[in-house]
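>>> have a look at this prediction, sequence included:
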Amino acid sequence: MIFFKHACIAALASLLTLSAHAGAWGEGAFDNDAAQDFLAECTRSAEAELVSQAIELALVASFVDADDGAAAVAAGEAIAGALGSSAAPRTKVVPCLAAMPREQLRALAPGAVRAVERVADPAVSELAQQWADEKPNRWSIGMRQLAARLRR
């Protein structure tokens, strides 16, 4: 089992390294360069602090820039994955959350919900403004779904 977990982590790191340079831009939580960079950093580190920092940046900024917003969304999806309610199964092996007890993960979820909601608000988020003109706005729908998964 441990070998399988390490093999999954190594495979994820390889995928993230390759895709982080592809100029990604899509509606999914991990479909942009900033989110890929965040995941790559979580893959290289076992520090859960990375996730807390990404969430905190989105909560304290008067205006959330696109890269910070993308990192907060990726952090939220990583938490949802670690709790077993992710739309993206690959988040279940994010090393920066792997050793965190479930109670601590659950404690991160309310802040992640607030961060995702702020990132989805065009009044305070560059990322939301960038997606505002999309019809239908599947990105916005995805943000609401992520917040709902984090509330479970």
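The structure has been received and is ready for your questions. Numbering: from 1, shown residues only.

>>> where does pLDDT dip in this structure?
1-24, 86-93 (pLDDT under 70).

>>> on contacts alone, who are the packing partners of whichever strand or helix holds Ala128?
Using DSSP states H and E, Ala128 sits within helix 126-131. Applying 3 or more CB pairs under 8 Å, 6 or more residues apart in numbering; DSSP states H and E, we find helix 126-131 packed against helix 66-82, helix 138-151. Every C-beta, even on glycine, is put in place using the N, C-alpha and C of the backbone.

>>> try it again at 6 Å.
helix 66-82 (3 or more CB pairs under 6 Å, 6 or more residues apart in numbering; DSSP states H and E).

>>> the residue nearest to Asp68 when sequence neighbours are not counted in helix, strand or coil?
Spatial nearest neighbour of Asp68, excluding adjacent residues (CB to CB, 6 or more residues apart in numbering): Leu57 at 4.7 Å. With DSSP: H, G, I helix; E, B strand; the rest coil as the basis, Leu57 sits in helix.

>>> related to what we said a few turns ago, check which residues of the helix holding Ala128 are buried.
Judged by neighbour count (16 or more other CB atoms under 10 Å), helix 126-131 contains these buried residues: 126-128, 131.

>>> try stretch 64-73
Buried residues in stretch 64-73, defined by neighbour count with 16+ other CB under 10 Å: 64, 66-73.

>>> ok, Gly28 - contacts?
Gly28 sits next to no residue when contact means CB atoms under 6 Å, 6 or more residues apart in numbering.

>>> what does Val116 give?
Shown in contact with Val116 (CB under 6 Å, 6+ apart): 76, 143, 146-147.

>>> now for the residue nearest to Asp68, how many residues are close by?
Per other CB atoms under 10 Å, the neighbour tally for Leu57 reads 18.
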